[in-house]
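> model the structure of this input:
(chains A and B)
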2 protein chains.
Amino acid sequence: MKLLRDRALELDERDVLAKYKDEYELHVDDTIYMDGNSLGQLSKSARSAVIDTLDLQWGRDKVAAWDRWLYLCETVGNAIGSGFLGAEEGEVIVSDSTSVNLYKLAVAAVSVQKNRGRIVTDDQNFPTDRYILTGIAEQMSLELTVVHSDRDGAVTEADLAEVLDEDVALVSLSHVNYRSGGLSDMREINRAVHGVGAFSLWDLSHSVGVVPIDLDEEGCDLAVGCTYKYLNGGPGSPAFLYIRDELIDKLSQPIWGWFSTADQFEMGDLYLPKDGVGRFQVGTPPILSVAALSGALEPLIEATISAIREKSLSLTTFAQELIAEWLHDLGFMLASPSDPNGRGGHISLYHKDAKEINDHLVKRYGVITDYRVPDRIRFTPSPMYTSFTMVYDALERLRKLAMGMYKH
Amino acid sequence: MKLLRDRALELDERDVLAKYKDEYELHVDDTIYMDGNSLGQLSKSARSAVIDTLDLQWGRDKVAAWDRWLYLCETVGNAIGSGFLGAEEGEVIVSDSTSVNLYKLAVAAVSVQKNRGRIVTDDQNFPTDRYILTGIAEQMSLELTVVHSDRDGAVTEADLAEVLDEDVALVSLSHVNYRSGGLSDMREINRAVHGVGAFSLWDLSHSVGVVPIDLDEEGCDLAVGCTYKYLNGGPGSPAFLYIRDELIDKLSQPIWGWFSTADQFEMGDLYLPKDGVGRFQVGTPPILSVAALSGALEPLIEATISAIREKSLSLTTFAQELIAEWLHDLGFMLASPSDPNGRGGHISLYHKDAKEINDHLVKRYGVITDYRVPDRIRFTPSPMYTSFTMVYDALERLRKLAMGMYKH
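Residues are numbered from 1 along each chain as shown, chains lettered A, B, ... in the order given. Just a heads-up that it's a prediction; the model follows:
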């Protein structure tokens, strides 16, 4: 025990991101937050961006502040694109929710391939993705093929091999699985998808901000993602969408709102979509939430995604070691890929009593993890504000809890 | 001049809403804000709702605050419904943008009437409404019939009479016209729409919070509306949608996101929409913006919509009087219905040089109005924070500006 605790202290001392902890320390108590993949923490920079928007923009400048806000979703989209996605300027925009963005891009993709009749996803994909694709398939008389993938892993090219053919218009998958944390090889899958002439649409919600992504380089066609997890944009902060440059002007989205038009205040008779990825916006964006996101990105961009990933790998590797040492005997099993490079920023633990244990852990032991059906606990040491001693302390509390339940 | 100024002071003295001015006085300078129908002002209650959400919810409670946020859109929707729309509990929900809501409801309405081939709107309807309906018509192989209506008035039952027949699935109109301020008779139009068995879908963006509305009583089927105009919810605050109670379970929306499902965290294989209007939500709502809206509603609900309307009618009537007295000779004409009861909360002025005049008025005379193509200036004395002397002073500045341009 002593040795492992010393290891934690030593790792903390060498942690180049330790200096960011203060940025997120807006409220201190003895809970340990391990749920940053569900809701990232408030930062001082996000908070002050919101206060400025309230007081210096909406409050003082009123409607004139629209000069600043009108292209905010482009600006923040580009910051996400260059900081985290390996995208060129003009390929990413902040807009709507992940669900609405997935809908817009999926409809756009199948609409330009009317001769193809199928959409492919996997059975471990996040529910909203599967549901939205189901709805589109039903409404557009397409077939949705749902392949099986490993619940404790990630969807692979092999999972798709049997169903990919030239009738497939779109393959829509998650980069990191929301439950297992399993990380898919986008490059390999994109190659297979392009081999049959289909489009790929990636949901980056559980990877953006913790796993380096290079959408252009890895050959992704389309992507969407959430900004309130590792990007710390705040509850329900608007999502982003990515369209590979050469596809932008070939695609048209189904919801023809005024924010997608070429000359928004001309208010003409005909709908004329603007050039660029902005044509995938719809209505007026919720500026306070976009502002929070904008502020939240600052420390992350400064820290760099490569340093964030490096620390994330160390954190989950250390957690894995403690789990093996302390928790296997108490009925826990790692329900994530065992190779850290095959994971995103969180790990998943199987236990037959996962729901009950997670309840106790949160309510009585002050460790904030989350439960996912049917028998998983997700454990997320988000790199910007989590230390190695926090990982140690959190898992020690879990161990004590489980000892009390199973070893008396 | 003296007499009119005295009238303004007298009207201010009798103003029962004058006490709310302080609630909105977060920044004081010598500009006069007459653009509350574009962006309503920040209130102290909205500001403190955002600060609480930052500090006491996201910052302190973190992910546990979702216990409070998960039904916030229902709660705020019901507050809007009962306070401003004459809706029953469970008929209104806050969700997405007005544009996305219009899309969802219009698609839902035409999808349950597959035997009907047409959608009807008018050529003066707000651009995003016309564009979205155009997109739906194109994608679903329907015909969009655009009737002509009076640019300086409101769409009427007579405008629609010729095109209404049993092939019409949906009639989608604005309650108050965004440019003229003309107020339509929803009851009369709904009767005509129902006469041919079609659905009505109303955009309440320019009426909600300034004109009393009774959706149930007036026989509306569906409605959407913006919350950042007279409801003062803040830039891009999420919109609302209304579905008449008996229609809710008959309709299904196209974007099958997880916030619309019966048991969101069961994450099952099949999409099962929840009961009630919540099935028209999609993804995670932007909580900071919903919180601002929630706070913004408090003073409005306390003031009551009937008192707001009464003051609004007095304000625009007084403005109309000053315009007749001072501005007709300078080339201005009222481009709104002359009967105050035929208008919403703003009036529109025609001038051949409207764009140039509006620019000068804003930049050099500190009166914040807005220009709308091709030759209109919108003038909006929003009742919660506008006094009669402000109306007087604003129009006096406009008069001085125009005198300088046309009388030297």
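> and the nearest residue to A:Lys407 once chain neighbours are set aside, how many neighbours does it have?
Once flanking residues are discounted, A:Lys407 sits nearest to A:Leu330: 7.4 Å by CB to CB, 6 or more residues apart in numbering or on different chains. C-betas here are computed from N, CA, C, even on glycine. When neighbours are defined as other CB atoms under 10 Å in any protein chain shown, A:Leu330 has 17 of them.
> do you know how far the residue of the stretch 51-200 of chain A found nearest chain B is from A:Gly135?
Nearest to chain B, among the residues of the stretch 51-200 of chain A, is A:Ser97, at 2.7 Å (CB to the nearest CB). Going from A:Ser97 to A:Gly135 by CB to CB, to the nearest Å gives 15 Å.
> higher neighbour count, those two?
A:Ser97 (28 against 23).
> for chain A, longest strand please?
Longest among the strand segments of chain A by residue count, using DSSP state E, is strand A:168-174.
> helices or strands up against that strand?
Secondary-structure packing of strand A:168-174 (3 or more CB pairs under 8 Å, 6 or more residues apart in numbering or on different chains; DSSP states H and E): helix A:98-111, strand A:118-122, helix A:127-139, helix A:186-195, strand A:199-203.
> quick one, that strand and helix A:98-111 angle?
160 degrees (axes from the mean of the first three to the mean of the last three CA atoms, to 10 degrees).
> if we can go back for a sec, isn't the residue of the stretch 51-200 of chain A closest to chain B up against A:Leu241?
No - between A:Ser97 and A:Leu241 there is no contact, the gap being 10.6 Å when judged by CB atoms under 8 Å.
> which stretches of chain A have low pLDDT?
Residues of chain A meeting the criterion pLDDT under 70: A:1, A:408.
> spatially central residue for it, please.
Nearest residue to the geometric centre of chain A (CA atoms, centre = their mean): A:Ser205, 1.9 Å.
> just give the closest residue to that one, not the sequence neighbours.
Per CB to CB, 6+ apart, closest to A:Ser205 is A:Cys226, 3.8 Å.
> and that neighbour, what are its phi and psi?
When read as degrees, to the nearest 10, the backbone of A:Cys226 gives phi -90, psi 150.
> ok, A:Trp256 next?
For A:Trp256, the backbone dihedrals (degrees, to the nearest 10) come out as phi -90, psi 60.
> do A:Ser336 as well
Residue torsions, per degrees, to the nearest 10, at A:Ser336 are phi -140, psi 160.
> hmm, it is touching A:Asp152, no?
Yes - counting by CB under 8 Å, A:Asp152 is a contact partner of A:Ser336 at 6.4 Å.
> where does the stretch 151-300 of chain A come near chain B, residue by residue?
A:226, A:228, A:234-239, A:254-259, A:261, A:265-269, A:271, A:282-290, A:292 (CB under 8 Å from any CB of the partner chain).
> buried ones among these?
Neighbour counting by 16 or more other CB atoms under 10 Å in any protein chain shown classes A:226, A:228, A:234-239, A:254-259, A:261, A:267, A:271, A:282-290, A:292 among those as buried.
> from those residues, which land in helices?
Within these, residues falling in helices by DSSP state H are A:Ile287, A:Leu288, A:Ser289, A:Val290, A:Ala292.
> quick one: contacts for the second one?
Read that as A:Leu288. For A:Leu288, the contacting residues are A:50, A:53-54, A:58, B:50, B:234-237, B:286, B:288-289, B:292, by CB atoms under 8 Å, 6 or more residues apart in numbering or on different chains.
> can you tell me the SS state at A:Gln279?
I think there's a mix-up here, since residue A:279 is Arg and not Gln. Put simply, A:Arg279 is helix when judged by DSSP: H, G, I helix; E, B strand; the rest coil.
> name the nearest residue to A:Gln139, ignoring sequence neighbours.
B:Pro254 (5.9 Å).
> I'd say the one you found and B:Ala106 touch.
No - assessed by CB under 8 Å, B:Pro254 is found out of contact with B:Ala106, at 9.7 Å.
> contacting residues for the closest residue to A:Lys274 other than its chain neighbours?
In space, and not counting its chain neighbours, A:Lys274 is closest to A:Ala262: 4.4 Å by CB to CB, 6+ apart. By CB under 8 Å, 6+ apart, the contact set of A:Ala262 is A:Leu272, A:Pro273, A:Lys274, A:Asp275.
> are any of the residues you listed buried, and if so which?
Among the contacts of A:Ala262, those classed as buried by 16+ other CB under 10 Å are A:Pro273.
> now the contacts of A:Ala262 as TSV including secondary structure?
What follows is the contacts of A:Ala262, written out as TSV (three-state DSSP):
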residue	secondary structure
A:Leu272	coil
A:Pro273	strand
A:Lys274	coil
A:Asp275	coil
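> nearest to B:Thr317, of the contacts of A:Ala262?
Closest approach to B:Thr317 among these (CB to CB): A:Leu272, at 39.4 Å.
> in this structure A:Ile80 contacts A:Tyr230, no?
No - using CB under 8 Å, A:Ile80 is not in contact with A:Tyr230, being 11.3 Å away.
> and the angle from the host helix or strand of A:Ser45 to helix B:44-52?
Using DSSP states H and E, A:Ser45 maps to helix A:44-52. If you take the same axes, to 10 degrees, helix A:44-52 sits at 180 degrees to helix B:44-52.
> show me what helix A:44-52 is packed up against.
Using 3+ CB pairs under 8 Å, 6+ apart, helix A:44-52 sits against helix A:287-303.
> in the helix it packs on, what counts as buried?
Those would be A:287-300, A:303, for helix A:287-303 by 16+ other CB under 10 Å.
> just the C-alphas of it, formatted as CSV.
Provided in CSV are the C-alpha atoms of helix A:287-303 (Å, rounded to 0.1, in the frame of the first residue of the first chain):
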residue,chain,number,x,y,z
ILE,A,287,-24.5,32.1,-27.1
LEU,A,288,-24.1,31.8,-23.3
SER,A,289,-23.3,28.1,-23.7
VAL,A,290,-21.1,28.7,-26.7
ALA,A,291,-19.2,31.3,-24.7
ALA,A,292,-18.6,28.9,-21.9
LEU,A,293,-17.2,26.4,-24.4
SER,A,294,-15.0,29.1,-25.9
GLY,A,295,-13.5,29.9,-22.5
ALA,A,296,-13.2,26.2,-21.6
LEU,A,297,-11.0,25.5,-24.6
GLU,A,298,-8.3,27.9,-23.6
PRO,A,299,-6.4,25.9,-21.0
LEU,A,300,-6.9,22.7,-23.0
ILE,A,301,-5.3,24.3,-26.1
GLU,A,302,-2.5,25.7,-24.0
ALA,A,303,-1.9,22.3,-22.4
